[in-house]
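J.: here is a sequence with its predicted model. Questions after.
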Amino acid sequence: MSQPARIAITGAAGNIGYALAFRIAAGDMLGKDRSVVLQLIEIPPALPALQGVAMELADCAFPLLREVVTTADINEGFNGADYALLVGAKPRGPGMERGDLLADNGKIFGPQGKALSDSASRDVRVLVVGNPANTNCLIAAANAPALDPGQFTAMTRLDHNRATAQIADKAGAHSTDVRRMTIWGNHSATQHPDIAHCTVGGKPAAELVSQAWYREQFIPRVQKRGAEIIRARGSSSAASAASAALDHMRTWVHGTPEGDWTSMAVPSDGSYGIAPGVIYSHPVTCAAGAYSIVQGLAIDDFCRERMTITDQELRGERAAVANLLP
Ligand code: NAD
Ligand code: LMR
């Protein structure tokens, strides 16, 4: 019997946290054979609500749940963590871009990076969800001297899943028929959802839809789907974001299927000419608990132009938080 996995979640009493904790405890992240300890972190004013979450977790009597820790102390919350889901941060409201959150949210992630470096498992895998996720991830990684930056990732799996669902719908297929969707760049309206390598039911996606639909409808829809959800719900995506976070972690640990890949925002190693170090969404394969950027894809002029725009945005965000990067 292996040790339970220790999973830290920040912002655990928030909307995404509430959708996430129960599914992790039910085995949806690591599998139905892996017991878990949940280490739930909140700011002090939210601790009473967090107690309520812990009470409900107890009331579920989940077979895989061994222990629930609730705390506002990040070193206690990250202590020995094998996985850390950094969700706690302000969401945007209508009319805002995610980058507008950087001034308020960026400062959360330096201390959390340091606490992970001081207290988490040496093998911790970190997923940043709080927006703007890519640059918050950069801040956390830069403040974690004892950890490898490659242990820090940001979430574009929601964009990947959205793009997959949109193309499946347009092609009259199911999302499980879609392979090799790619999200390049920032989790923002500059991201580039790329179908050049994507197949649906084994056929090239680009042959199943018109270029006009791809460029004028699909791309902006995926780029702005977060805002579309905010307009409809009055608050940002929560259940779909939690589901994508589970997908991201499960794929990282259990691997991508043969012949397919996923999208993860990871530290750029200069592949495809992207600025080294920025947290840029790439197509990645995962195997044996590690991810690798898919190499050697042909990039046409349109895609290159879009990849550069989102790279430039990430360079700009990095420059804007230079004071938070030691
Ligand atoms: P929410 O306001 O419902 O919950 C956020 C929670 O974080 C609150 O309970 C708050 O008390 C807590 N919190 C704030 N600062 C904290 C800190 N320093 N430490 C620990 N906890 C802290 O928001 P939500 O809907 O759960 O969204 C959380 C974040 O996730 C937002 O920034 C949102 O924009 C982002 N998000 C990202 C994606 C993505 O695809 N990357 C998708 C959806 C939402
Ligand atoms: C999303 O993509 O749904 C989230 O990043 C929330 C937002 O602000 O769009």
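T.: Cool, got the structure. Numbering: from 1, shown residues only. Ligands and ions are numbered 1, 2, ... in the order given.
J.: how about T251, what does it touch?
T.: 157, 262, 286 (CB atoms under 8 Å, 6 or more residues apart in numbering). (Each C-beta comes from the backbone N, C-alpha and C, glycine too.)
J.: try it again with 7 Å
T.: The contact partners of T251, by CB atoms under 7 Å, 6 or more residues apart in numbering, come to 262, 286.
J.: any idea which helix or strand carries it?
T.: T251 is part of helix 239-254 when elements are defined by DSSP states H and E.
J.: pLDDT of the helix or strand just after that helix, averaged?
T.: Using DSSP H and E, the helix or strand that directly follows helix 239-254 along the chain is strand 262-267. Strand 262-267 shows a mean pLDDT of 99.
J.: between whatever helix or strand comes next after strand 262-267 and helix 239-254, how many degrees?
T.: Later in the chain than strand 262-267, the nearest helix or strand by DSSP H and E is strand 279-287. Strand 279-287 and helix 239-254 are oriented at 50 degrees to each other (axes from the mean of the first three to the mean of the last three CA atoms, to 10 degrees).
J.: can you list contacts of strand 279-287?
T.: By CB under 7 Å, 6+ apart, the list of residues contacting strand 279-287 reads 134, 137-138, 154, 156, 182-185, 191, 251-252, 255-256, 261-268, 271, 274, 291-294, 311, 314.
J.: stretch 18-28 now?
T.: By CB under 7 Å, 6+ apart, stretch 18-28 touches 7, 9, 12, 34, 36, 38, 40, 53, 57, 60, 62, 64-65, 85, 87, 238-239, 242, 245-246.
J.: buried residues in it?
T.: 18-22, 24-25, 27-28 (16 or more other CB atoms under 10 Å).
J.: could you dump those residues into a markdown table with secondary structure and distance to ligand 1 added?
T.: Compiled in a markdown table, the buried residues of stretch 18-28 are given as follows (DSSP: H, G, I helix; E, B strand; the rest coil; distance: CB to the nearest ligand atom, whole Å):
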| residue | secondary structure | distance to ligand 1 |
| --- | --- | --- |
| Y18 | helix | 8 |
| A19 | helix | 8 |
| L20 | helix | 9 |
| A21 | helix | 11 |
| F22 | helix | 14 |
| I24 | helix | 15 |
| A25 | helix | 17 |
| G27 | coil | 22 |
| D28 | coil | 17 |
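J.: which two of those have the greatest separation?
T.: Across the buried residues of stretch 18-28, the longest distance by CB to CB is 17.7 Å; it joins Y18 and G27.
J.: residue numbers of the stretch 101-250 of the chain in contact with ligand 2?
T.: 131, 158, 226-227, 229, 236-237, 241 (CB under 6 Å from any ligand atom).
J.: select the longest helix from the chain.
T.: helix 301-320 (DSSP state H).
J.: please state the offset of it from the chain centre?
T.: How far helix 301-320 lies from its chain's middle: 19 Å, per CA atoms, centre = their mean, to the nearest Å.
J.: so for that helix, mean pLDDT?
T.: 98.
J.: report how many residues lie close to whichever residue of the chain sits closest to ligand 1.
T.: The minimum distance from the chain to ligand 1, using CB to the nearest ligand atom, falls at G14 (2.0 Å). Residues near G14, counting by other CB atoms under 10 Å, number 23.
J.: now do the buried residues in the host helix or strand of T70.
T.: Using DSSP H and E, T70 maps to strand 65-71. By neighbour count on 16+ other CB under 10 Å, the buried set for strand 65-71 is 65, 68-71.
J.: can that strand be said to contact ligand 1?
T.: No - taking CB under 6 Å from any ligand atom as the criterion, strand 65-71 and ligand 1 are apart, separated by no less than 9.9 Å.
J.: gap between the very next helix or strand once past that strand and the chain center?
T.: Following strand 65-71 in sequence order, the next helix or strand is helix 74-78 (DSSP H and E). Centroid displacement of helix 74-78 relative to its chain, using CA atoms, centre = their mean, is 21 Å.
J.: next secondary structure after helix 74-78?
T.: Scanning onward from helix 74-78 (DSSP H and E), the first element met is strand 83-86.
J.: can you list contacts of that next one?
T.: 5, 7-10, 20, 78, 109, 112, 116, 120, 124-130, 140, 245, 249.
J.: thinking again about what came up before, just the buried ones from the residues of the stretch 101-250 of the chain next to ligand 2?
T.: If we count by 16+ other CB under 10 Å, these have these buried: 131, 158, 226-227, 229, 236-237, 241.
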